[in-house]
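Undergrad: Got a sequence here, can you model it:
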Amino acid sequence: MDLIPKPDQVVSAAGNVAHRLVYGSLADLRPMPRTLIDDGTLREVYHYRPAAGVHAQGDPVLLVTPLAAPAICYDLRRGCSLVEHLVDVGRPTYLVEYGAVSFRDRNLGMEHWIEEVVPTAIREVSAHAGGRPVHLVGWSLGGVFALLAAAGDTDLPIGSITAFGAPFDVRQVPLVAPFRPLLNFTDGRGAITRLYQAAGGAPQPLVRWAFQLSSFQKLVTKPIAIARNLDDADYLAQIEAVDRFTDNMIAYPGRTFGQLYHRLLKGNALVDGTFDVGDRTLSVADITAPVLVFAGAADGIAPVASVKASVPLLTGSRDVRFEIVPGGHLGMLTGRKARSTSWVVLDEWIDQWSEDEEEPVPPPAPARRTTKKAATKKTATKKTATKKTAAKKTAAKKTAATKTTTQRAATKSPPATSPAQQSPQPPPTDEAAEIGTNPTRRYGSAGSRALGGR
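TA: Below is the predicted model of the structure:
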């Protein structure tokens with residue numbers, strides 16, 4: 001809103017304030033409908049129902065929730081919900097969350113999520129989707145869990161992994177750097193250790209306070225920002241949704257918080273891409289699935305450098321892609337700009353690594369006497385028919401291949417004809433130009449290894 005508001009801005013601001021007073025909220029906070037398909041100790045796996053009139057097909061997507069954060073990080077509000085987006089474009093969408101953490105869960109460590117929760121969720125989702133490979137999407141610590149679970153079991157049915165804001169080098173986190181000498185001075189016997197051991201973990205108010213501290217500047221300037229955007233209903237709705245997210249933070253189990261505090265925060269255990277779980281050491285270099293890494297340009301919790309540190313460690317991956325997108329730690333995942341940046345890149349990535357859809361099999365022709373030429377055509381329509389002669393089976397495959405090639409020619413490669421017969425490519429739009437701050441950056445496995453020397 002301008003310093004001296006225009007008449008239309010005044011009307012919009014007044015309408016937004018009235019709507020908030022009458023209805024209590026500008027944001028549409030209705031959750032996307034879902035069904036529980038599996039549960040266990042601090043594990044709930046949900047399947048989101050397909051949108052009306054949309055036929056969900058293809059490989060499933062599993063959203064991996066981080067600890068302490070509510071699952072609404074993926075379903076923030078209508079219009080800014082990654083779940084809603086995935087469902088609307090017809091992707092089978094699933095989510096694993098952990099429920100409320102209580103004092104009785106104090107003995108659970110990170111290995112519970114790395115070795116039991118996430119791998120079980122992957123298998124259940126794959127089975128529910130007909131045995132198809134699963135595309136993992138994890139935000140923050142959820143991204144770390146997804147990568148370590150894949151490293152721990154290379155036989156899991158994983159199609160690809162996407163990590164949003166997953167820090168691997170906490171030395172690059174400005175919020176931690178000033179306190180590192182103090183953390184190392186206590187050597188595990190300080191007041192923080194005694195407090196979380198006595199409380200059985202990190203309580204919800206402390207987790208909420210820590211998240212707010214990471215955006216302290218925004219928290220202080222929030223009233224001014226709201227006043228300046230009173231005429232922007234979408235902006236005000238996003239503020240409401242983020243406030244609800246922050247208010248619903250979840251506690252950390254005691255042992256897990258101890259591991260995060262001592263091994264990740266103080267010991268920077270992930271900086272070399274390894275993590276000890278029980279009697280074995282997991283290494284992200286063992287991951288073979290393709291990996292997409294997102295970093296938020298304004299992320300204070302997991303800055304670009306701390307996230308980028310994971311890229312040269314993924315030496316075994318078939319393909320590694322790194323993208324810097326607008327937004328902070330939450331905004332990069334589900335902010336207003338994410339709709340035209342990170343979500344677009346994510347869609348492209350999943351499409352790239354999804355299995356090809358099966359061609360529909362036409363119904364068999366009615367049995368009748370026919371010539372040899374007609375019989376050959378009939379055989380081509382039955383791709384899965386068995387006990388046919390070798391000559392007929394070969395003809396069927398050739399015919400089916402020709403049909404598939406014709407159907408996909410427009411999308412995969414233009415025919416070898418004159419330039420006049422090819423459709424001209426449209427000029428790039430403004431929206432395409434906004435995808436990431438480095439949309440041309442691509443790393444293959446060799447490129448990832450080369451980064452290690454930088």
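Undergrad: got the end-to-end distance for stretch 152-167?
TA: With CA to CA, to the nearest Å applied, stretch 152-167 spans 19 Å between its terminal residues.
Undergrad: Any buried residues in that stretch, and which?
TA: Of all the residues in stretch 152-167, those buried under the rule 16 or more other CB atoms under 10 Å are 152-153, 156-167. Bear in mind the C-beta positions are built from the backbone N, C-alpha and C, glycine included.
Undergrad: Likewise for stretch 304-311?
TA: Applying a neighbour-count criterion of 16+ other CB under 10 Å, one finds 304, 306, 307, 308, 309, 310, 311 buried in stretch 304-311.
Undergrad: and what of stretch 42-50?
TA: For stretch 42-50, by 16+ other CB under 10 Å, it's 42, 43, 44, 45, 46, 47, 48, 50.
Undergrad: Alpha carbons only: can I get it in CSV?
TA: Taking C-alpha atoms only, stretch 42-50 is exported to CSV below (Å, rounded to 0.1, in the frame of the first residue of the first chain):
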residue,chain,number,x,y,z
LEU,A,42,5.3,-42.1,16.0
ARG,A,43,4.5,-43.0,12.4
GLU,A,44,1.3,-42.1,10.5
VAL,A,45,1.2,-42.5,6.7
TYR,A,46,-1.6,-40.7,4.8
HIS,A,47,-2.8,-40.9,1.3
TYR,A,48,-4.3,-37.6,-0.1
ARG,A,49,-7.5,-38.2,-2.0
PRO,A,50,-7.5,-37.3,-5.7
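Undergrad: contact partners of that stretch?
TA: 32-39, 56, 83, 86-87, 90, 92-99, 101, 105, 108, 112-113, 116-117, 120-121, 124-125, 128 (CB atoms under 8 Å, 6 or more residues apart in numbering).
Undergrad: Report the rounded mean pLDDT for that stretch.
TA: Mean pLDDT, computed over stretch 42-50, is 95.
Undergrad: And for stretch 128-140?
TA: 97.
Undergrad: was I right about residue 228 contacting residue 5?
TA: No: here residue 228 does not reach residue 5: they are 10.1 Å apart, not a contact under CB atoms under 8 Å.
Undergrad: In the protein, what helix or strand scores lowest on average pLDDT?
TA: helix 430-433 (a mean of 39; mean pLDDT, DSSP states H and E).
Undergrad: what's the helix or strand for the residue lying closest to residue 63 once chain neighbours are set aside?
TA: Once flanking residues are discounted, residue 63 sits nearest to residue 95: 4.3 Å by CB to CB, 6 or more residues apart in numbering. Take DSSP states H and E as the rule and residue 95 turns out to sit in strand 93-97.
Undergrad: Identify the residues contacting that strand?
TA: Around strand 93-97, the neighbours that count as contacts under CB under 8 Å, 6+ apart are 34, 37, 43-48, 56, 60-65, 70-71, 74, 83, 86-87, 117-118, 121, 125, 128, 134.
Undergrad: Which of those fall in helices?
TA: Under the assignment DSSP state H, the contacts of strand 93-97 contribute 83, 86, 87, 118, 121, 125, 128 to helices.
Undergrad: dump the residue contacts of the first one.
TA: This points to residue 83. Here residue 83 is in contact with 32, 48, 63, 74, 75, 93, 95 (criterion: CB under 8 Å, 6+ apart).
Undergrad: Am I right that the fifth one is in contact with residue 81?
TA: This points to residue 75. Yes: taking contacts as CB under 8 Å, residue 75 lies within contact range of residue 81: 4.7 Å.
Undergrad: related to what we said a few turns ago, out of the buried residues of stretch 152-167, who's nearest residue 23?
TA: Taking CB to CB as the measure, residue 164 is the one of the buried residues of stretch 152-167 closest to residue 23, at 31.7 Å.
Undergrad: give me the beta-bridge partners of residue 320?
TA: residue 291, residue 443 (DSSP bridges).
Undergrad: Hmm, I typed the wrong one, I wanted residue 48.
TA: Note on residue 48: beta-bridge partners by DSSP bridges are residue 34.
Undergrad: quick one on the thing from earlier: pick out the most distant pair among the ones in helices among the contacts of strand 93-97.
TA: 87 and 118 (21.7 Å).
Undergrad: okay, those two: which has more neighbours?
TA: residue 118 (28 against 23; other CB atoms under 10 Å).
Undergrad: Walking through the stretch 151-300 of the chain, point out its helices one by one.
TA: 180-186, 191-199, 204-214, 216-228, 233-247, 254-259 (DSSP state H, counting those that start in this stretch).
Undergrad: Filter the buried residues of stretch 304-311 down to just the ones in strands.
TA: Within the buried residues of stretch 304-311, no residue falls in strands by DSSP state E.
Undergrad: Run a quick neighbour tally on the closest residue to residue 160 other than its chain neighbours.
TA: In this structure, residue 160 finds its nearest non-sequential neighbour in residue 353, 4.2 Å apart by CB to CB, 6+ apart. Using other CB under 10 Å, residue 353 has 19 other residues around it.
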